[in-house]
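Novice: Sharing a sequence plus its predicted fold:
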Amino acid sequence: MVTWPRPAKSGYSCLCISYRYTGAYALSQFFVILIQPHCYNEPARQGETSTVKFRVDRDVLANAVSWTARTLPNRPAIPVLAGIRIEASEEGSLDLTTFDYEVSARSQISAEVETPGVILVFGRLLTEISKSLPNRPVEFSYDGSKVNVTCGSSRFTLGAMQVEDYPSLPEMPEHAGSIDVDDFSKAVSQVTVAAGRDESLPLLTGVKIEIRGEQLTLLATDRYRLALREISWQPSSPSMERETLVRARVLTDVARSLHSGGRLELSLSQNSDIIGFESEGSRTTSTMIDGDYPPVRRLFPDQTPTHAVVNTAAMVDAVKRVSLVAERNTPIRLSFTEGQVVLEAGQGEEAQASEALESLLVGEDIETAFNPSYLLDGLGAIETDFIRFSFTHGSKPVLFTGQDSLETDDHDTDFKYLLVPIRFSS
């Protein structure tokens, strides 16, 4: 059990959470690396098929290569992981895959296959080449040692990597359900801003996914803010209950790669440490983060005696202007009184700025202060015309929610953003 002390940064407090983390995966990954052989450009072994030939549309190829290459590791554990594996089948399709022992990506596209087979080429180079080719069909041919790429009058000869050394991709777990692509992408963008970026605290670099029947919840925190988003989806079983922890960067990559208007298929089982995402012929798998995520739901306040409502767009613009004079790690101060909120930054002999906006205050006057970047992240995740700030006390975490008009009592609780204020001198 690890419990975080209060951070040493002057003026900061944090959400009080704790967790357990097991590091067995690091040992198993090290063992895998030790037993994997590798080499480049070896001639084909006797008895093996040493030729591959196919033709594919240039735009289709470029899109598939770019999508698959996004998971290529910057520092591959073994050299072959820097490659894109391309399998041409007799049925007239190409399977492009990448894998780094944590995340895999697979894209399937149509092609004219003359000689089926498998090739492995350096991924980043193929990505740059496919983007630069003229708008003509692209022909690949492999002679056992080199891959020849021809497109119109453009010709490239690439060294082939030893495909036999490439690790097998993990199997997709059982199908769990489906969700609208736009809803998923929106939820991921709202929640991942609160995920941690400190790799020494691996649990906080993830997003917790909770499934309770037809409701799917995403949660993320970095100790200074906490984001929660609840969305509806279609589970394979109405009584399904699952919990998992996925790296925030993986969810972000998946969300960015999806095409608007489709459905995303989610694969997840209790007996697997793999989660899978599939949409329109593209598939991603990722290992889950091992450990117990802190019980962060209880940090959201049950009651808030004071709240203020401000126009969201006006608030965003004002924060951007006032924060221009806020030096690093200095806060923006917000003073809520009847009918207005005043934003201030800077003090003493330094540059100063202030701006007043119309607001509705229910409860007593209250002052608070926030990190400008964290404040803008929360404001940017609110999609309604107005934002509600709910307070228990000026020095306690403040709850952000959205609402459609200034004076309504109804506010949207499907998305919540809890932000820890910074202590400041009056």
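Specialist: Perfect, thanks for sending it.
Novice: buried residues in stretch 349-360?
Specialist: 353, 357, 359-360 (16 or more other Cβ atoms under 10 Å). (C-beta placed from N, C-alpha, C; glycine too.)
Novice: which stretches of this structure aren't confidently modelled?
Specialist: Scanning the chain for pLDDT under 70 picks out 1-49, 425-426.
Novice: show me where it has helices.
Specialist: Taking DSSP state H to define them, one finds helices in the chain at 24-35, 58-69, 123-132, 181-191, 248-257, 312-322, 372-381.
Novice: want to throw those into CSV with distance to residue 275 and mean neighbour count?
Specialist: Formatted as CSV, the helices of the chain follow (distance: least, Cβ to Cβ, whole Å; neighbours: other Cβ atoms under 10 Å):
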stretch, distance to residue 275, mean neighbour count
helix 24-35, 15, 10
helix 58-69, 18, 20
helix 123-132, 23, 17
helix 181-191, 13, 21
helix 248-257, 9, 20
helix 312-322, 33, 18
helix 372-381, 23, 20
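Novice: Would you reformat those helices as TSV and include distance to residue 165?
Specialist: TSV is the format used below for the helices of the chain (distance: least, Cβ to Cβ, whole Å):
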stretch	distance to residue 165
helix 24-35	11
helix 58-69	18
helix 123-132	15
helix 181-191	34
helix 248-257	25
helix 312-322	51
helix 372-381	43
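Novice: of all those, which lies closest to residue 228?
Specialist: Among the helices of the chain, the nearest to residue 228 by Cβ to Cβ is helix 181-191 (7.2 Å).
Novice: could you say what helices and strands the closest one packs with?
Specialist: strand 215-221, strand 225-232, helix 248-257, strand 263-268 (3 or more Cβ pairs under 8 Å, 6 or more residues apart in numbering; DSSP states H and E).
Novice: I'd like the ones you listed laid out as JSON lines, including distance to residue 325.
Specialist: Formatted as JSON lines, these follow (distance: least, Cβ to Cβ, whole Å):
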{"stretch": "strand 215-221", "distance to residue 325": "29"}
{"stretch": "strand 225-232", "distance to residue 325": "23"}
{"stretch": "helix 248-257", "distance to residue 325": "31"}
{"stretch": "strand 263-268", "distance to residue 325": "43"}
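Novice: Ok, which of these comes nearest residue 364?
Specialist: Across the helices and strands packed on helix 181-191, residue 364 has its closest neighbour in strand 225-232 (24.5 Å, Cβ to Cβ).
Novice: Pull out the buried residues from the closest one.
Specialist: Within strand 225-232, the residues scored as buried using 16+ other Cβ under 10 Å are 225-231.
Novice: Check stretch 88-99 too.
Specialist: In stretch 88-99, counting by 16+ other Cβ under 10 Å, buried: 88, 93-99.
Novice: Please apply the same query to stretch 398-405.
Specialist: Neighbour counts over stretch 398-405 (16+ other Cβ under 10 Å) mark 398-403 as buried.
Novice: So which of the residues you listed are in strands?
Specialist: Mapping these onto strands (DSSP state E) picks out 398-403.
Novice: I'd like a version of the residues you listed in CSV, one that adds distance to residue 105 as further columns.
Specialist: Formatted as CSV, those follow (distance: Cβ to Cβ, whole Å):
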residue, distance to residue 105
398, 39
399, 37
400, 34
401, 36
402, 34
403, 39
